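K.L.:
quick one, structure for this:
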Amino acid sequence: MAAFTAKDVKLLRDKTGCGMMDCKDALKIADGDFDKAIDVLREKGLAKAAKKADRIAAEGVAYAVTNAEHTKGVVIEVNAETDFVAKNADFQNFVSQLAQTIMVQDLADVDALMACKAEGSEVTVEELLREKIQTIGENIKIRRFEKFDAPCVSYVHAGGKIGVLVGFELTGIDAASPEFVVYGEDIAMQVAALGTPYLDKESVPQSVIAHEKEIIETQMKQDASMASKPQNVFDKIVDGKVNKYYKENCLLEQTFVKDDKKTVGSYTKETAKALNGSIKIVKFVRFEKGEGLEKRQDDFASEVASMVK
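P.N.:
This next block holds a predicted model:
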C-alpha cells in the first residue's frame, strides 16, 4: 500500500472541496494515487457536490422554532441559490431537521453543528448537507444560528424571509400558556417589522449616542433659526432628539405596532399584570434571509447566447 501524508490529504481537500476524512479514505482506496482518489470522490458524488460549494447562495430561509414548552428555541439561516429551491419541501424539511438538531444538542457554532449527528439520522450534518446538495442540485450553506435555553417565542415572516426569536424571564407565568404565547408573538412580530437594533436605552453604546448628538448639533448649528437660542434651550432640543432616537431604535421604548397608544414596555407590563406575574424581555435575535450577502446576478441574454454558440 502506497504511503501518503497529511499534506496529501490537505491538497486533495483543497482540490475537491471535500471533507478531510473523505479525502483520507479516498487516498486509502486509491492506494495513494492522487488522480484515482479524485475519481473515487467523484464516484461517490462528493466532488460534484463540492464543485457547487463556490456558487453564490444568498436565497434560502430564515427559520425560527421553539419546543412545545417554549423553554428552548432556535433561529437559523440556511441559504440556497434560488428562491425556488427555498420553497422546496425537501429543503424546508432539512432546515427543520437542523433546528431540531441544535435544539437537543449543546453546539457552539456552525462547525460544531456540521460535525455532529443529525437528529433522526445516522449521518453527520455535513454528510446530510452534501446529500441535499446532490439531490436538490444547488449549493446550500448553513450560515448562522442562535439557541435560547430559556422561555422564548419564535416568529417566521413571509415564509422564511425573516426569522425572530425573543427570550424572556418569567415569574409566575407558564411560558406555554396561550395568553403569553400571543403576547410573545406580538413582540417577535414587532422586531420583525421594524428591525429593532436595541432592547432598551441601556443597550445602546455610548459611542452611538455621542455620534448621534454630534450629527444633531451640527445640523442645528447650520440652522439660522437656532443661532439666537440660549445654550440651555439648545441642550434641551438636543436631548429631545436623542430621546426620539431611543423611541425609534429601542424595543421597549417603541410604539407598539398593534396599538399606537402604548409602548412595547407598557404592553409588557399590562400583560404581566393580566397574567398575575412578571415578564422581562431579555434578548432577541432577528435573521433576515441573505442579509449582507452578495446576490447572484443572472444575465439571461448572455446565457442564451452561450447556449447557441
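K.L.:
remind me, longest helix of this protein?
P.N.:
helix 231-249 (DSSP state H).
K.L.:
can I get that one in PDB? Just the C-alpha atoms.
P.N.:
Extracted in PDB, the C-alpha atoms of helix 231-249 (Å, rounded to 0.1, in the frame of the first residue of the first chain):
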ATOM      1  CA  GLN A 231     -27.400  77.200  25.400                       C
ATOM      2  CA  ASN A 232     -29.900  75.700  27.800                       C
ATOM      3  CA  VAL A 233     -32.600  75.700  25.200                       C
ATOM      4  CA  PHE A 234     -30.200  74.300  22.600                       C
ATOM      5  CA  ASP A 235     -29.300  71.500  25.000                       C
ATOM      6  CA  LYS A 236     -32.900  70.600  25.700                       C
ATOM      7  CA  ILE A 237     -33.600  70.300  21.900                       C
ATOM      8  CA  VAL A 238     -30.600  68.000  21.600                       C
ATOM      9  CA  ASP A 239     -31.900  65.900  24.500                       C
ATOM     10  CA  GLY A 240     -35.300  65.700  22.900                       C
ATOM     11  CA  LYS A 241     -33.900  64.500  19.600                       C
ATOM     12  CA  VAL A 242     -31.800  61.900  21.400                       C
ATOM     13  CA  ASN A 243     -35.000  60.700  23.200                       C
ATOM     14  CA  LYS A 244     -36.700  60.400  19.800                       C
ATOM     15  CA  TYR A 245     -33.700  58.200  18.700                       C
ATOM     16  CA  TYR A 246     -34.400  55.900  21.700                       C
ATOM     17  CA  LYS A 247     -38.100  55.700  20.800                       C
ATOM     18  CA  GLU A 248     -37.300  54.700  17.300                       C
ATOM     19  CA  ASN A 249     -34.400  52.200  18.000                       C
END
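K.L.:
where does the stretch 201-309 of the chain dip in pLDDT?
P.N.:
By pLDDT under 70, the weakly predicted segments of the stretch 201-309 of the chain are 295-309.
K.L.:
other SSEs contacting the following helix or strand past the longest helix of the chain?
P.N.:
Per DSSP states H and E, helix 231-249 leads on to helix 264-274 as the next helix or strand towards the C-terminus. Identification of packing neighbours for helix 264-274 by 3 or more C-beta pairs under 8 Å, 6 or more residues apart in numbering; DSSP states H and E yields helix 178-194, strand 278-288. Quick note: C-beta positions are derived from backbone N, CA and C, even for glycine.
K.L.:
next, format the ones you listed as TSV and append mean neighbour count and distance to Ser121.
P.N.:
As requested, these are exported to TSV (neighbours: other C-beta atoms under 10 Å; distance: least, C-beta to C-beta, whole Å):
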stretch	mean neighbour count	distance to Ser121
helix 178-194	19	29
strand 278-288	19	24
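K.L.:
is it possible to get a markdown table of these that adds distance to Asn249?
P.N.:
Shown next, in a markdown table, are the helices and strands packed on helix 264-274 (distance: least, C-beta to C-beta, whole Å):
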| stretch | distance to Asn249 |
| --- | --- |
| helix 178-194 | 9 |
| strand 278-288 | 13 |
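K.L.:
closest one to Gly160 among these?
P.N.:
strand 278-288 (9.8 Å; C-beta to C-beta).
K.L.:
give me the angle between that closest one and helix 178-194.
P.N.:
Computed with axes from the mean of the first three to the mean of the last three C-alpha atoms, to 10 degrees, the direction of strand 278-288 lies at 40 degrees from that of helix 178-194.
K.L.:
cool, thanks, signing off.
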